[in-house]
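*Asks:* following is a predicted model, sequence given first.
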There are 2 protein chains.
Amino acid sequence: MSRTDYPVYLQLRDRLWDWIEDEKLSSQQKLPSERELSERFSTTRVTIRQALSQLEAEGLIFRSNRRGWFVTPERLRYDPSRDIGFTRYVTEQGFRPRTETLFKQLTEAPKWLSEATGLPEGTPVYHIFRRRYVNERGLLVEHNYINPQHCPGLLSESTDLSIWQMFKEKYNRVPDHRDIEIYPLALKGLEADSLGVNQGTAGLYIQRLSHDQEGEFLELDREYWLHDALKISVHVGGRH
Amino acid sequence: MSRTDYPVYLQLRDRLWDWIEDEKLSSQQKLPSERELSERFSTTRVTIRQALSQLEAEGLIFRSNRRGWFVTPERLRYDPSRDIGFTRYVTEQGFRPRTETLFKQLTEAPKWLSEATGLPEGTPVYHIFRRRYVNERGLLVEHNYINPQHCPGLLSESTDLSIWQMFKEKYNRVPDHRDIEIYPLALKGLEADSLGVNQGTAGLYIQRLSHDQEGEFLELDREYWLHDALKISVHVGGRH
């Protein structure tokens, strides 16, 4: 009946989070100092730090160098079983999306891309690398690999808006069926640099392989997200 | 037309991965030494290390202290829009599942659980903490919080098998509709210890809130996965 098996710092984690919610501390607001918190909850600095570190691990708060602890902005929700475009799901949740093209080029499909897409190795392919923002915070970078057969001249268009919308309006193509894979990884190299985080920072990877309404390869999209920016959210079954 | 914008170590990453596939190096097999690889690919040790580190970040290879680099076992696939039980999707993919109960107790719902489930604060609730294995590698731990009203005596049953199956066979309940949330986090405290990894190691969190066919709260499941163990895989749209 007791909660004796439940470690003290986890009990404190629960009380601390309840308190943050009761105080209605909102996104980006600063928490009291560790000393104040240890007095308020009548516990040691060590236990307070363990509880804060637990909340940090869950992505609920974050530490800013020398400035203390802050409440993390709420994660964006993304439902892969619905899979609407970035611009649309960001807007639907009341946030402001923005996209910035970092480079674009015509290149030749390397072997891994050929295996992923079915394009013969060495086939010309568009490669666009973009950074995407929500409320002016850069949350992800993405590589788009696009079949140029279906959208000649795409590289001369602005790619700072929705590519799906461009497919539809200019080329009369829609990403009809998509295979989506999602897993955590460490951000490295180009992706870490472009997001302004340290090499090896935890991130989330989303890959979307799209074919058009005629079953032809349209686009491979590889997204690299900050680890605390997004949550996958799916409702299954029932009458609700 | 050139690939000049594409960093050298990423070109090497592609060639290295192609080579691993061509050699059919399989799960858990060892790669040649960094010295041998730098000779084979006519490049420096620094670039080879960057390319290996990139493949590690993608979860394709892992480093074992003093023993070198190895190919990561393929990730389990999990489709949240289908959401069948662990035992079943592991078996379907040709692997062997196993579950071990680490503790179980009757406790009282703290505030966060009450808010997540709608149970009044302080209501008795079963709390089960388990570790789950695939081919004898411990890949996740999970906390199950279960409404005891619908399954009296559950704690005296073995909880080393599928709880969903027990619901169905013994209590005539099924997890009818579920709200699933998935996001990356750092593994800490109890969960890191139970998985035998360092504090702060990257992981994946899956939460599943299940109601039964009568719309009543049945179970809240909080899973903590190793970061390289699982991938979310969803097919959307089309006629395929």
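*Replies:* Cool, the structure landed.

*Asks:* mind listing what the closest residue to residue A:113 other than its chain neighbours touches?
*Replies:* Closest residue to residue A:113 apart from its sequence neighbours, by Cβ to Cβ, 6 or more residues apart in numbering or on different chains: residue A:145 at 5.9 Å. Heads up, the C-betas are built off the backbone N, CA and C, glycines and all. Contact analysis of residue A:145 by Cβ atoms under 8 Å, 6 or more residues apart in numbering or on different chains lists A:109, A:113, A:117, A:125, A:126, A:127, A:219, A:220, A:221, A:222.

*Asks:* with secondary structure and pLDDT added, can I get the residues you listed in a markdown table?
*Replies:* Shown next, in a markdown table, are these (DSSP: H, G, I helix; E, B strand; the rest coil; pLDDT from 0 to 100):
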| residue | secondary structure | pLDDT |
| --- | --- | --- |
| A:109 | coil | 95 |
| A:113 | helix | 94 |
| A:117 | helix | 93 |
| A:125 | strand | 96 |
| A:126 | strand | 96 |
| A:127 | strand | 96 |
| A:219 | strand | 95 |
| A:220 | strand | 97 |
| A:221 | strand | 96 |
| A:222 | strand | 97 |
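
*Asks:* and the longest helix anywhere in chain A, which residues are buried?
*Replies:* Across chain A, the longest stretch assigned as helix under DSSP state H is helix A:8-22. Neighbour-count burial for helix A:8-22 flags A:9, A:10, A:12, A:13, A:14, A:15, A:16, A:17, A:18, A:19, A:20 (criterion: 16 or more other Cβ atoms under 10 Å in any protein chain shown).

*Asks:* next: stretch A:52-70.
*Replies:* A:52, A:53, A:54, A:55, A:56, A:57, A:58, A:59, A:60, A:61, A:69, A:70.

*Asks:* from these, which are also near chain B?
*Replies:* Counting by Cβ under 8 Å from any Cβ of the partner chain, A:53, A:54, A:56, A:57, A:58, A:59 from the buried residues of stretch A:52-70 sit close to chain B.

*Asks:* list just the nearest of the residues you listed to chain B.
*Replies:* Nearest to chain B, judged by Cβ to the nearest Cβ, of those is residue A:57 at 4.0 Å.

*Asks:* would you mind giving the domain segments of chain A?
*Replies:* When chain A is parsed with automatic domain parsing, its domains come out as A:8-71, A:76-232.

*Asks:* which parts of chain A are strands?
*Replies:* A:61-64, A:68-71, A:76-78, A:97-108, A:124-134, A:137-146, A:177-186, A:202-211, A:217-226, A:230-236 (DSSP state E).

*Asks:* out of the ones you listed, nearest to residue B:173?
*Replies:* Among those, the nearest to residue B:173 by Cβ to Cβ is strand A:230-236 (16.4 Å).

*Asks:* tell me what the closest one is packed against?
*Replies:* Counting contacts by 3 or more Cβ pairs under 8 Å, 6 or more residues apart in numbering or on different chains; DSSP states H and E, strand A:230-236 packs against strand A:76-78, strand B:177-186.

*Asks:* partner strands of the last one, with direction?
*Replies:* In the sheet containing strand B:177-186, its partner strands are strand A:230-236 (antiparallel), strand B:202-211 (antiparallel), by DSSP bridges.

*Asks:* what comes into contact with the helix or strand of chain A with the lowest mean pLDDT?
*Replies:* Ranked by mean pLDDT, DSSP states H and E, the weakest helix or strand in chain A is strand A:61-64, scoring a mean of 80. Strand A:61-64 is contacted by residues A:20, A:31, A:52, A:55, A:56, A:69, A:70, A:71, A:72, A:228 when judged by Cβ under 8 Å, 6+ apart.

*Asks:* go again with 10 Å.
*Replies:* A:16-17, A:20, A:25, A:28-31, A:52-56, A:68-73, A:228 (Cβ atoms under 10 Å, 6 or more residues apart in numbering or on different chains).

*Asks:* and it, how far out from the chain middle?
*Replies:* 18 Å (Cα atoms, centre = their mean, to the nearest Å).

*Asks:* what do you get for stretch A:218-234?
*Replies:* Worked out by Cα atoms, centre = their mean, stretch A:218-234 lies 4 Å from the chain centre.

*Asks:* alpha carbons only: can I get that stretch in PDB?
*Replies:* What follows is stretch A:218-234 as a C-alpha-only set of coordinates in PDB (Å, rounded to 0.1, in the frame of the first residue of the first chain):
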ATOM      1  CA  LEU A 218       8.100  11.800 -56.000                       C
ATOM      2  CA  GLU A 219      10.100  12.800 -52.900                       C
ATOM      3  CA  LEU A 220      12.300  11.500 -50.100                       C
ATOM      4  CA  ASP A 221      12.200  13.800 -47.100                       C
ATOM      5  CA  ARG A 222      14.700  13.400 -44.200                       C
ATOM      6  CA  GLU A 223      14.000  15.600 -41.200                       C
ATOM      7  CA  TYR A 224      16.300  16.200 -38.200                       C
ATOM      8  CA  TRP A 225      14.400  17.600 -35.200                       C
ATOM      9  CA  LEU A 226      15.600  19.000 -31.900                       C
ATOM     10  CA  HIS A 227      14.800  16.400 -29.300                       C
ATOM     11  CA  ASP A 228      12.400  18.500 -27.300                       C
ATOM     12  CA  ALA A 229      10.500  20.100 -30.100                       C
ATOM     13  CA  LEU A 230       8.000  17.500 -31.300                       C
ATOM     14  CA  LYS A 231       5.800  14.700 -30.000                       C
ATOM     15  CA  ILE A 232       4.200  12.000 -32.100                       C
ATOM     16  CA  SER A 233       0.500  11.800 -31.200                       C
ATOM     17  CA  VAL A 234      -1.900   9.100 -32.500                       C
END
